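>>> make a model of this:
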Amino acid sequence: MFPVGKKLSRRVPAAGLWLLLLLSGCTANYYRKSADQAAYGAIKGKTPLVPDMDPHFTIEQTNTISLEGLPLATDVPKFLGADGEKEIGAYVLNLEQALDFAVKYSRSYQSRKEQLYLSGLTLTLARHQFAPLFTSEAGVNYAVQRENIDALTGLPSVSDNLVEQAKVTGTGSIGASWLLRDVGRITAAITADAIRFVTGDPRLTTSSQLSATFMRPLLQNAGFKAETDALLTAEHQLLYDLRDFTRYRKDFSVQIATAYYGVLGLRDAAKNNFLTLQSSQKNAERTRALAQEGRVTTADLGRLEQQELSAESSWINAVRGYKQALDTFKIQMGLSVDTQLVLNEDDLRALQIRHPEISVDDSIQVALAARLDYQNTKDQFEDTVRRVDLAVNLLKPRVDLTASISPYSNPNLNFSFPDLQRYRWDAGLVVDPGLDRQAERDAYRSSLINRNRAARAIVQQEDEIKLEVRNSWRTLDQAKRNYEISEIGVKLAERRVEEQNLLADLGRAKAQDQVDAQNALNDSQNQRIQALVTHTIARLQFWNNMGILYIKENGQWEDPKHAKAQ
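Residues are numbered from 1 along each chain as shown. Predicted structure coming up:
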């Protein structure tokens, strides 16, 4: 009902203002929380289907990075030269803490979490299409018309009596639509219209109508196959993305561990190069003293002095490589490059060779059963088979069953609701024989090609998994053997250096032998630590390639103890 006279024109803007205030009551923060609740709910619902998925997944991230609570460095490592002073007061970070920081602050890791969140949000929209959807609309319009009006009847005429009429019209509607799988689409709406003449004849005219329609495809898209397939695709895609993210978590932990041990390895290399430099300096000083006594040749002295310069250059390069790798690792974890940080050398000293006790063939069988990306590939093939069936269905003629009923108000009464005694209804079929099916034909042929590609992808990935596992096994075996060789090499090199030092004290050492012995010791020490790091990372990658590297919430892994073929 509309107010009469001037009150109408005054209250209509006020009503519109109140409507805007009502709608604005749902703040942006409300919609954000609503989206989070829906997306997290979708992800949580499918999390049990993916082994080792983070059960407390969230994209919320604090902007404050705090290193408080970490121990501080107190020693000045001489092997870093002038850079050693800068380590006083630096935070000391171990591997477990590094993994935890990377999971919390890494920019790339955060982006992957947000990508998964958006996939969950996409699924909620697809599900929403099968829920009751409500719409509403209201409008008010003020119009002025000047026309010929008969003075007696008040109706338009051909007279010269021009009369200006102003009127306010209002309309409103509330509708609902519900798509029921294997049933049909039901829509209903109620509309109301009103006209109030502000000037002239103060007439008020109102009408209202209730309408309901039903539509069901019988052949093409029967049961709303296309819409159902879109929902099923979104459901599957979230599952695939969950598997991809879970595998990414494993890859990410291996990457962080690789970088962590890589930095420690370079630090150890800088230390070894510094010891080599000190030894070279000692040899050169001793040889200079012997040269002054005429007990060694100038050529031997020059060779040792060149070795001293070469050792110094190698040490400088090693320190530079270590510092550069440490800065890169900070960025990889999401920390500022200006952060004063030292990695805990105890993690490097704690490394040991732990070789998996499982055959290559059994490893491959475990990988084919456990790899999440391989499960995705197989399931995606099933999706292409389903889409072929859908494409075949869309080649059929379109035959839709439609029905509607619309009760309406009594036109002779004002302010009346729809009268169930007054209605219109109809029912019928809408038929499209499909005289032009080129697009559908092409879609069908494309679906067949996509199915064949997906089938080949399964075979391709199976071979790639076998290759990855075999290469991981070879790398493991090679690293183990290299470590054993380097252990022997270090002992031999140490005896050689000791022997050359004794000969040098007696003035009987040859410069070339001294240089070779010292270089061999430095190389074998670096090779030993490198082989140990390589084996550790290769073991992690081996478990990862098998699909059985299990990651905790803080990014730390658990080594499988009893991996068997399934």
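
>>> show me the strands in the stretch 1-150 of the chain, by range?
Listed in chain order, the strands of the stretch 1-150 of the chain (DSSP state E, counting those that start in this stretch) span 91-93, 133-148.

>>> show me what counts as buried in the longest one.
What it means is strand 133-148. Along strand 133-148, these residues count as buried under the neighbour rule (16 or more other Cβ atoms under 10 Å): Val140. All C-beta atoms are positioned from the backbone trio N, CA, C, and that covers glycine.

>>> quick check: the gap between Leu301 and Asn519.
Per Cβ to Cβ, to the nearest Å, Leu301 is found 18 Å from Asn519.

>>> repeat that for Thr171.
With distances taken as Cβ to Cβ, Thr171 is found 92 Å from Asn519.

>>> do Leu492 as well
Distance of Leu492 to Asn519, computed by Cβ to Cβ: 13 Å.

>>> kindly report the same for Leu218.
Distance, Leu218 to Asn519, by Cβ to Cβ: 85 Å.

>>> same check on Gln281?
Separation of Gln281 from Asn519 (Cβ to Cβ) stands at 15 Å.

>>> same check, this time on Asp327
29 Å.

>>> same check, this time on Ile353
Taking Cβ to Cβ, one finds Ile353 at 26 Å from Asn519.

>>> on the three-state scheme, the nearest residue to Ser173 once chain neighbours are set aside is what?
Counting by Cβ to Cβ, 6 or more residues apart in numbering, Thr191 is the residue found nearest to Ser173 once chain neighbours are left out, at 4.2 Å. The three-state assignment at Thr191 reads strand, by DSSP: H, G, I helix; E, B strand; the rest coil.

>>> which parts of the stretch 301-450 of the chain are strands?
Along the stretch 301-450 of the chain, the stretches classed as strands by DSSP E, counting those that start in this stretch are 341-343, 398-408, 419-432.

>>> so can I have CSV of those strands showing mean neighbour count, mean pLDDT and distance to Ala131?
Formatted as CSV, the strands of the stretch 301-450 of the chain follow (neighbours: other Cβ atoms under 10 Å; pLDDT from 0 to 100; distance: least, Cβ to Cβ, whole Å):
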stretch, mean neighbour count, mean pLDDT, distance to Ala131
strand 341-343, 22, 95, 51
strand 398-408, 16, 90, 22
strand 419-432, 11, 86, 26
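
>>> format those strands as CSV; extra columns: distance to Asp373.
CSV is the format used below for the strands of the stretch 301-450 of the chain (distance: least, Cβ to Cβ, whole Å):
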stretch, distance to Asp373
strand 341-343, 31
strand 398-408, 39
strand 419-432, 42
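
>>> and the ones you listed: which comes nearest Ile59?
With Cβ to Cβ as the criterion, Ile59 lies closest to strand 341-343 of these, at 26.1 Å.

>>> who does that closest one pair up with?
Paired neighbours of strand 341-343 in the sheet (DSSP bridges): strand 91-93 (parallel).

>>> what's in contact with the partner strand?
Residues from elsewhere that reach strand 91-93 (Cβ atoms under 8 Å, 6 or more residues apart in numbering): Leu67, Leu70, Pro71, Leu72, Ala73, Phe101, Thr339, Gln340, Leu341, Val342, Leu343, Asn344.

>>> where does the protein have its least confident helix or strand?
When each helix and strand of the chain is scored by mean pLDDT, DSSP states H and E, helix 6-24 comes last, with a mean of 45.

>>> between the contacts of strand 91-93, which is closest to Ser108?
Ser108 has its nearest neighbour among those in Phe101, at 13.5 Å by Cβ to Cβ.

>>> burial measure for that closest one, as a count.
22 (other Cβ atoms under 10 Å).

>>> do the same with Glu164
By the other Cβ under 10 Å criterion, the neighbourhood of Glu164 contains 11 residues.

>>> partner residues bridging it?
Arg146.

>>> quick one: pLDDT of it?
As predicted, Glu164 sits at a pLDDT of 71.

>>> how far away is it from Asp268?
96 Å.

>>> so where's the stretch 351-500 of the chain shaky on pLDDT?
Across the stretch 351-500 of the chain, the ranges flagged by pLDDT under 70 are 412-416.

>>> related to what we said a few turns ago, closest one to Val469 among the strands of the stretch 301-450 of the chain?
Of the strands of the stretch 301-450 of the chain, nearest to Val469 by Cβ to Cβ is strand 341-343, at 30.4 Å.

>>> contacts for that closest one, please.
Contacts of strand 341-343 (Cβ under 8 Å, 6+ apart): 73, 87, 90-94, 98, 260, 263-264, 267, 326, 329-330, 335.

>>> of these, closest to Ala457?
Distances from Ala457 to these, taken as Cβ to Cβ, are shortest for Tyr260 (34.4 Å).

>>> report how many residues lie close to the closest one.
Neighbours of Tyr260 (other Cβ under 10 Å): 25.

>>> go on, Thr47?
Counted with other Cβ under 10 Å, Thr47 comes out at 16.

>>> quick one, what contacts it?
By Cβ under 8 Å, 6+ apart, the contact set of Thr47 is Met53, Asp54, Pro55, Phe57, Leu242.

>>> farthest-apart pair in those, please.
Taking Cβ to Cβ, the two most distant members of the contacts of Thr47 are Pro55 and Leu242; they sit 11.7 Å apart.

>>> and those two? Which one has more around it.
Using other Cβ under 10 Å as the criterion, Pro55 and Leu242 rank with Leu242 on top: 24 against 9.

>>> please name the nearest non-neighbouring residue to that one.
Using Cβ to Cβ, 6+ apart, the nearest residue to Leu242 is Val50, at 4.7 Å.

>>> which phi and psi does the one you found have?
phi -120, psi 110 (degrees, to the nearest 10).

>>> separation between it and Glu235?
Look at Val50 and Glu235: by Cβ to Cβ, they are 14 Å apart.

>>> of these two, who's got more company?
The neighbour count for Val50 versus Glu235, taken as other Cβ under 10 Å, is higher for Val50 (20 against 16).

>>> residues in contact with the more buried one?
Residues in contact with Val50 (Cβ under 8 Å, 6+ apart) are Leu239, Leu242, Arg243, Thr246, Leu372.

>>> thank you, goodbye.
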